[in-house]
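Colleague: Provided below for reference: sequence and predicted model.
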Amino acid sequence: MAGLSLYFEDGHDDLDDFGFDDYGSECDGIRITAFLDSGQDNLTPLGRLEKYAFSENVFNRQIVARGLLDVLREFSDNENDFISVMETVARMSEDGEPTVRAELMEQVPNIAMFLHENRPNFPEAFSRYLVPIVVRYLTDPNNQVRKTSQAALLVLLEQGLMSKADMEGKVCPVLLELTEPSSDDDYKIEAVAIMCKLVTMLTKDTVEHLLLLRFCELCSDVRLFQVRKVCAANFGEFCSIVGQEATEKLLMPKFFDLCSDSLWGIRKACAECFMVVSNCTSPEVRRTKLSPLFINLISDQSRWVRQAAFQSLGRFISTFANPSITGLHFCEDGTLREIPKISSESHRQEVTTSSSSNSRNASIDDSSDSLIQPRSEQLRSTSHTAVPASHPPRGHSSDSTSQSQPESLTPSSHQQMDDCTMFNSFNFWRPPLPDITQDLQLLQVEKRDVLIEEKEETMRETESEGKENVPSLDAQGPATSSQIQKVLDCLQPHLDDPDVQAQVKVLSAALKAAQLESQTEDADESLSESNGSTGSPTSDELSAMSELSLTDAQISDSPSTSPVLVDDSEHSSEESDLIENVEEVKDSDAVKTCEEEKSKVQNVIPQQLLDQYLSMTDPARAQTVDTEIAKHCAFSLPGVALTLGRQNWHCLKDTYETLATDVQWKVRRTLAFSIHELAVILGDQLTAADLVPIFNGFLKDLDEVRIGVLKHLYDFLKLLHAEKRREYLYQLQEFMVTDNSRNWRFRYELAEQLILIIELYSHNDVYDYLRQIALNLCSDKVSEVRWISYKLVVVILQKFYSCEAHDLGLNYINELIMRFCHCPKWVGRQAFAFICQAIVEEDCMPMDQFAQHLLPSLLSLSSDPVPNVRVLVAKALRQSVLEKPYFKDPGSAYSDELEEALSELRMDKDRDVRFFATLDPNRNVMDTAALI
């Protein structure tokens, strides 16, 4: 306590020297640089700065450190004084008190910004005085000082204040030293974290030259799991910076090790950054290496890892997207557009050549259906059929669906186009790769015939070898169970291939059918033998046989006591009919199973990834993985649909319908917000068939779901045909009714969408349906809704006159006059003045029509008893009406009336009215929209 007393006594004496007594209690704050003012010590300002900067009192030194920016402003005019202050700062950075060093470091970014804006020699001064302080504090023994220096370093980099030379010559060497294997654990963990944050602000050359190898070493740090975890969490940033080549050569092995780390937190971090890593790899690596790795994460023993993997599954699938398959691409502004169709002569020739090549490949594939090929061989054998990314398939150049495409353009042929991906900075989160498709076209045309011949020879050789190795099923007779079993045994090594899995399922069903058939034949033989020894079967026995065979045996009714004699020929024919019916039922069941499995099969992405994605709607997943897994599935569904393309929509249709009826409104809300994007992906035909019913269901859902549909109502309606779009005119009125009347933002959004939707309908439809909705919104209780609705009214009037519907426009004007100009409430009359001003500014109608129908009513409001109305009238007349040449002309028939009204407004008793009546139209002092 004695120390505290002495401290405060000493501090009080120093505060007197600071000049704080000059400020009374009414002062808003204390000027920190007051100690520079002249006092009784007869010291110069620089001398006084030296005195308090190195005072024995810690509080004095803290005050100086906190006020360094103001000190620099005081001495910035004199170069010598400025250098003296910077040298004082450098000496203060060696203060032994951690709080002083922390205060000083907090001011470094502000000082650097001030020097950058006001000093011509900023880079030299900053590099000489401030950068060494930041670098030295990265190794400070005090934790608070280190954290402050790290934060200051990030700010300096974000603002672009630190030069490349300083980064490479001063900062990076310190980080490399702190991340040495022999470095202190705390310093090492902090240095790894700051290095991973810095990498996004450095150039590719700097990262590859200085930090990449050290990062690879840190990914394998066996002693500190915190280091590996930080590396895993920032792995994607490193991959994005160094590019594809370095990622596949140096980083991919480390990523595999991290994905199989013993700690679940590290594997979880890998799952979270999987999409970014996938974007930095080639399509082949993505399919053959990353896909199996991701499947392992999905089936991880830790629930948290599985949860993160399922959340990233849709995003990972989206990295397989190929614009040459989908026919769509993202623009730089984030909008999804169709790839424009190129109608050049070279394009037509190439498509013709590609189509003939595809037809030849189809004939080769048809001749070798019984041959089982590994996935890699199939990709190699058809890789030359790819169409360049700059020339989309004909089936995707319009909104037509895959049914209108020729069979040579089915998904099986589109799968081989991954190498021709049109990269985009928005789509792939990295700078676009150079477009070399035009150069490749000439090479592809020359090499296509050679590749086809080589493929034919390879297919023939493989087919001959396959026929020797794989047991063939006799096409002339039914396959026995032993033959089918041999084929299944041969297919076991290739179960990783989705196509092989589908064939195995079909053959397994056939094997069961063959075994059941053999059992039926054995039963029939034993039955015939028993009949030969004991006599003909009774009616009960025949009835049991008929029930077993699912057929109606033609057996006459007879008493159970008397035996029925059946001829041998009749019995044998009946027996054969029963067997044939059993075989037909088995075949139909097998066909149904096969069709159900094939409906989910595609070849754009690995089938296992799609199967796992489709399983996210399984209720069991919500219990074992994540209660919100369905929401994550719904969130990523448009990306998955874009990747698969509209030709594979059948794979996702059932899943989408399941999500659309999910009991959680958050899931349905997510779909409602993205249904317009999905409509762009699917095209008009699939949208009308599959999305419109779901869209209609969302319109009747909760407000939380309906708002998602409403926010993008225009985007969805414009994709529909005119006849289908017109059906929704009757339902727009339903948006006026909400679950909670206080939900005014819902009505505000409706008004905004109606402004856009007007262009989709004819002027007659607008007058019959949308006009009344707009007028109702103008009478809303909330001013924000009324404000946007007045703009809607103006747009409707503009629609009538742009369509030459003058009669409808005149009727609408009369309705506006009756509803607003003669409104008993001043708010309505004020709204009329604003509407008139907006009509003039937007040129919604000819000025002579405005002068004839609206101007008299507007002038009548110049003598309104409410000042707020007169303010808007003065503003409309002075800033809008009189600025039009039609009214500005001295010979105008309305010039006298306008000048007379303005003269009265200039002499108005209200100050605001006089202000706007005399205000220069080019001077926009205030926005009076808030008054409405």
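Modeller: All right, it came through fine. Residues are numbered from 1 along each chain as shown.
Colleague: Isn't residue 770 up against residue 757?
Modeller: Yes: with contacts counted by C-beta atoms under 8 Å, residue 770 reaches residue 757, the gap being 7.4 Å. Quick note: C-beta positions are derived from backbone N, CA and C, even for glycine.
Colleague: and for these two, which residues touch both?
Modeller: Common contact partners of residue 770 and residue 757 (C-beta atoms under 8 Å, 6 or more residues apart in numbering): residue 732.
Colleague: Shouldn't residue 103 be within a strand?
Modeller: No: applying DSSP: H, G, I helix; E, B strand; the rest coil, one finds residue 103 to be helix, outside a strand.
Colleague: so what's it up against?
Modeller: Going by C-beta under 8 Å, 6+ apart, the list of residues near residue 103 reads 62, 65-66.
Colleague: Now residue 118. Nearest residue, chain neighbours left out?
Modeller: Nearest residue to residue 118, sequence neighbours excluded (C-beta to C-beta, 6 or more residues apart in numbering): residue 76, at 6.0 Å.
Colleague: my guess is that neighbour meets residue 86, correct?
Modeller: No: the pair residue 76 / residue 86 is not scored as a contact, 10.9 Å apart, by C-beta under 8 Å.
Colleague: how about stretch 613-625: buried residues?
Modeller: Buried residues in stretch 613-625, counting neighbours by 16 or more other C-beta atoms under 10 Å, are found at 613-617, 621, 625.
Colleague: likewise stretch 729-736?
Modeller: So stretch 729-736, judged by 16+ other C-beta under 10 Å, has buried residues 729, 732, 735.
Colleague: Please flag which of those sit within strands.
Modeller: Judged by DSSP state E, strands contain none of the buried residues of stretch 729-736.
Colleague: Just give me the closest of these to residue 816.
Modeller: residue 732 (20.5 Å; C-beta to C-beta).
Colleague: Just give the nearest non-adjacent residue to that closest one, would you?
Modeller: Using C-beta to C-beta, 6+ apart, the closest residue to residue 732 is residue 773 (6.2 Å).
Colleague: okay, now the one you found: neighbour count?
Modeller: 21 (other C-beta atoms under 10 Å).
Colleague: That one in helix, strand or coil?
Modeller: helix.
Colleague: how far away is it from residue 837?
Modeller: Here the criterion is C-beta to C-beta, to the nearest Å. By it, residue 773 lies 23 Å from residue 837.
Colleague: and residue 124, what pLDDT?
Modeller: Here the pLDDT value assigned to residue 124 is 76.
Colleague: can you give me the mean pLDDT across whichever strand or helix holds residue 60?
Modeller: Here residue 60 sits within helix 58-66, counting by DSSP states H and E. Averaging pLDDT along helix 58-66 gives 83.
Colleague: Hey, what's the angle from the helix or strand following that helix to helix 58-66? Just curious.
Modeller: Following helix 58-66 in sequence order, the next helix or strand is helix 68-75 (DSSP H and E). With axes from the mean of the first three to the mean of the last three C-alpha atoms, to 10 degrees defining the directions, helix 68-75 sits at 60 degrees from helix 58-66.
Colleague: which of the residues in helix 68-75 are buried?
Modeller: 68, 71-72, 74-75.
Colleague: Same question for stretch 230-250.
Modeller: Quick answer for stretch 230-250 (16+ other C-beta under 10 Å): 230-243, 246-248, 250.
Colleague: Report pLDDT for residue 45.
Modeller: Taking residue 45 on its own, its pLDDT is 70.
Colleague: ugh, wrong one, residue 321
Modeller: 89.
Colleague: hmm, back to that, who are the neighbours in contact with the residue nearest to residue 732?
Modeller: So residue 773 contacts 732-733, 736, 750, 754 (C-beta under 8 Å, 6+ apart).
Colleague: Need phi/psi at residue 234.
Modeller: Phi and psi for residue 234, reported as degrees, to the nearest 10, are phi -110, psi 20.
Colleague: That one contacts residue 207, doesn't it?
Modeller: No: when contacts are counted by C-beta under 8 Å, residue 234 is not listed as touching residue 207 (11.9 Å).
Colleague: Now do the shared contacts for those two.
Modeller: With C-beta under 8 Å, 6+ apart as the test, residue 234 and residue 207 both reach residue 199.
Colleague: any low-confidence regions in the stretch 1-150 of the chain?
Modeller: 1-43, 119-123 (pLDDT under 70).
Colleague: quick one, helices of it?
Modeller: 2-18, 45-53, 58-66, 68-75, 79-92, 98-118, 122-125, 131-137, 143-158 (DSSP state H, counting those that start in this stretch).
Colleague: now the stretch 201-350 of the chain
Modeller: 204-206, 212-219, 225-233, 235-242, 244-246, 252-259, 264-272, 274-279, 283-285, 291-298, 303-318, 323-326, 345-367.
Colleague: Now these in JSON lines, please, with extra columns for distance to residue 172.
Modeller: Shown next, in JSON lines, are the helices of the stretch 201-350 of the chain (distance: least, C-beta to C-beta, whole Å):
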{"stretch": "helix 204-206", "distance to residue 172": "7"}
{"stretch": "helix 212-219", "distance to residue 172": "9"}
{"stretch": "helix 225-233", "distance to residue 172": "17"}
{"stretch": "helix 235-242", "distance to residue 172": "14"}
{"stretch": "helix 244-246", "distance to residue 172": "17"}
{"stretch": "helix 252-259", "distance to residue 172": "20"}
{"stretch": "helix 264-272", "distance to residue 172": "24"}
{"stretch": "helix 274-279", "distance to residue 172": "23"}
{"stretch": "helix 283-285", "distance to residue 172": "29"}
{"stretch": "helix 291-298", "distance to residue 172": "31"}
{"stretch": "helix 303-318", "distance to residue 172": "31"}
{"stretch": "helix 323-326", "distance to residue 172": "39"}
{"stretch": "helix 345-367", "distance to residue 172": "49"}
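Colleague: And those: which comes nearest residue 652?
Modeller: Once the helices of the stretch 201-350 of the chain are compared by C-beta to C-beta, helix 303-318 is nearest, at 10.8 Å.
Colleague: tell me what the closest one is packed against?
Modeller: helix 264-272, helix 274-279, helix 291-298, helix 607-614, helix 619-624, helix 629-644 (3 or more C-beta pairs under 8 Å, 6 or more residues apart in numbering; DSSP states H and E).
Colleague: And those helices, which one averages the lowest pLDDT?
Modeller: helix 619-624 (a mean of 88).
Colleague: Show me what that one is packed against.
Modeller: Using 3+ C-beta pairs under 8 Å, 6+ apart, helix 619-624 sits against helix 303-318, helix 629-644.
Colleague: What are the contacting residues of that helix?
Modeller: For helix 619-624, contacts defined as C-beta under 8 Å, 6+ apart pick out 303, 306, 310, 615, 628-630.
Colleague: next one: stretch 752-770
Modeller: Contact partners of stretch 752-770, identified using C-beta under 8 Å, 6+ apart, comprise 710-711, 713-714, 717-718, 725-726, 729-730, 732-733, 773-774, 788, 791-792, 795-796, 799-800, 803, 805, 808, 811-812.
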